[in-house]
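Peer 1: quick one: sequence plus predicted model below, questions after.
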Amino acid sequence: MVVRGIRGAITVKEDKATEIFEATAEVLKEIIKQNELNLQDIASIIFTTTADIKSAFPAEAARSMGLHLVPLLCSQEIEVQGSIPLCIRILFHVNTNRRQEEICHVFLRDAARLREDLKKVNVVE
């Protein structure tokens, strides 16, 4: 078994705690589903948000999903001119037997345009 990274991201329409929690839960569930993850295999999750997200920590959504034993960290994404606003980015570290090319990265809503080279799931609202 090796440690692999799984990327994901999603956008919200407004900086509201309920929207941040719902969007974060949506992308987390999709990453877990697409990669057939056992919660015990999740080593850690790092969340970053753009500077315009200030109402809630995305990690709270993860804890409410039963990931309270997984180390979680939130940070602010660097500000780059022209970057996607109201965006939550995620990096999972997981213990897995999957090869890198078998990992499914999940980018939803406006975040689907972030990493065209990585995404396998592209659901845009």
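Peer 2: Noted; the coordinates are in hand. Residues are numbered from 1 along each chain as shown.

Peer 1: every contact and neighbour count from this point should use C-alpha atoms.
Peer 2: Fine.

Peer 1: so is the residue positioned nearest the centre of the chain in a helix, a strand, or just coil?
Peer 2: Closest residue to the average C-alpha location of the chain: residue 90 at 3.0 Å, with Cα atoms, centre = their mean. In three-state terms, and counting by DSSP: H, G, I helix; E, B strand; the rest coil, residue 90 is strand.

Peer 1: roughly how far does it sit from residue 5?
Peer 2: Using Cα to Cα, to the nearest Å, residue 90 is found at 10 Å from residue 5.

Peer 1: which pLDDT value goes with the residue nearest to the centre of the chain?
Peer 2: The model reports residue 90 with a pLDDT of 98.

Peer 1: which residues does it bridge with?
Peer 2: residue 8, residue 47 (DSSP bridges).

Peer 1: pLDDT value on residue 125, please?
Peer 2: For residue 125, pLDDT reads 44.

Peer 1: what sits against the residue nearest to the centre of the chain?
Peer 2: Listed by Cα atoms under 8 Å, 6 or more residues apart in numbering, the contact set of residue 90 reads 7-9, 45-48.
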